[in-house]
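K.L.:
Everything below, folded, please.
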Amino acid sequence: MCGRFYVAEKDLDDFAALVNRVEKHLLKKAGEIFPGDYAPVITPGDPEAGGSESETVGREDQVHALKWGFPTSRGRLIINARSETIAEKPMFKRPFATRRCLVPARGFFEWKDNETDRKKIKFYIAPPDSSLIYLAGIYWFFKDGEGKLIPSFTIITTRANEDISPLHDRMPVVIDKENKGIWLYEDHRSDAVRKLMVPAKEGLLLPSRAE
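P.N.:
Numbering: from 1, shown residues only. A predicted model of the protein is given here:
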């Protein structure tokens, strides 16, 4: 699964510069992102409109400040969606079909049971070179108690690869830079999209014990 992820302060500044003025104030926090926090998220834009292309955002893409977690009627936040059932689950199938997104991060966190006591051991999972990664997500708009629309995202998970499986049986889907356009713009029923929802290659993400 993915219970927290990490956004570097420099990345937050870079992406915040691409967010419109109305949303910019929501991006208050860099570092460890918790469920319920706002984070910069890359969403599909109008391919005809164009824009300012950067190293991390394509010319046609947009960046928005979205809240992590789909809300439920019981007040819980659904922070992950399983890739195996995302096309059928009522909460996820429409966002998967029409509102896929990318969550830029430097890494994410996972916890493992401690053999000596009840306190779990925290691990940080990231590329060995600390490069930016893109977590696959979907987003939608939900009304809060006052009727205000809140744009929210959830992160898609798949089975863990051999590097992550000693810690957990699930991991977030990671989209390679060259496949960003496929994830954002291809039809959700295409084989190209389906083939992206697989575990990351071994060696791409390595766990290290976090403080």
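
K.L.:
For stretch 24-39, measure first residue to last.
P.N.:
End-to-end span of stretch 24-39 (CA to CA, to the nearest Å): 10 Å.

K.L.:
actually stretch 2-17, sorry about that
P.N.:
Using CA to CA, one end of stretch 2-17 lies 26 Å from the other.

K.L.:
how far is it from where the chain is centred?
P.N.:
On the basis of CA atoms, centre = their mean, to the nearest Å, stretch 2-17 sits 11 Å off its chain's mean C-alpha point.

K.L.:
buried sites along the worst-scoring helix or strand of the chain on mean pLDDT?
P.N.:
Counting by mean pLDDT, DSSP states H and E, the chain has its least confident helix or strand at helix 21-24, which shows a mean of 81. Neighbour-count burial for helix 21-24 flags residue 23 (criterion: 16 or more other CB atoms under 10 Å). All C-beta atoms are positioned from the backbone trio N, CA, C, and that covers glycine.

K.L.:
for it, packing partners?
P.N.:
strand 62-68 (3 or more CB pairs under 8 Å, 6 or more residues apart in numbering; DSSP states H and E).

K.L.:
Quick one: mean pLDDT over the strand it packs on.
P.N.:
In this model, strand 62-68 has an average pLDDT of 95.

K.L.:
next structured bit after that strand?
P.N.:
Counting by DSSP states H and E, the element after strand 62-68 in chain order, helix or strand, is strand 70-71.

K.L.:
contacting residues around the following helix or strand past that following strand?
P.N.:
For strand 70-71, the succeeding helix or strand toward the C-terminus, using DSSP H and E, is strand 77-78. Outside strand 77-78, the residues that touch it by CB atoms under 8 Å, 6 or more residues apart in numbering are 35, 36, 68, 69, 70, 71, 72, 91, 154.

K.L.:
just the buried members of those?
P.N.:
By 16+ other CB under 10 Å, the contacts of strand 77-78 give 35, 68, 69, 70, 71, 154 as buried.

K.L.:
I figured the fourth one hits residue 91, correct?
P.N.:
Just to be clear, that refers to residue 70. Yes. Using CB atoms under 8 Å, residue 70 is in contact with residue 91, at 6.1 Å.

K.L.:
just the angle between the longest helix along the chain and strand 62-68, please?
P.N.:
In the chain, with assignment by DSSP state H, the single longest helix is helix 9-16. Using axes from the mean of the first three to the mean of the last three CA atoms, to 10 degrees, the direction of helix 9-16 lies 120 degrees away from that of strand 62-68.

K.L.:
Tabulate the CA atom coordinates of helix 9-16 in PDB.
P.N.:
The C-alpha trace of helix 9-16 is given here as PDB (Å, rounded to 0.1, in the frame of the first residue of the first chain):
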ATOM      1  CA  GLU A   9      10.800  21.300  -0.600                       C
ATOM      2  CA  LYS A  10      12.400  22.200  -3.900                       C
ATOM      3  CA  ASP A  11       9.900  20.000  -5.800                       C
ATOM      4  CA  LEU A  12       7.000  21.600  -3.900                       C
ATOM      5  CA  ASP A  13       8.300  25.100  -4.900                       C
ATOM      6  CA  ASP A  14       8.700  24.000  -8.600                       C
ATOM      7  CA  PHE A  15       5.200  22.500  -8.800                       C
ATOM      8  CA  ALA A  16       3.600  25.300  -6.800                       C
END
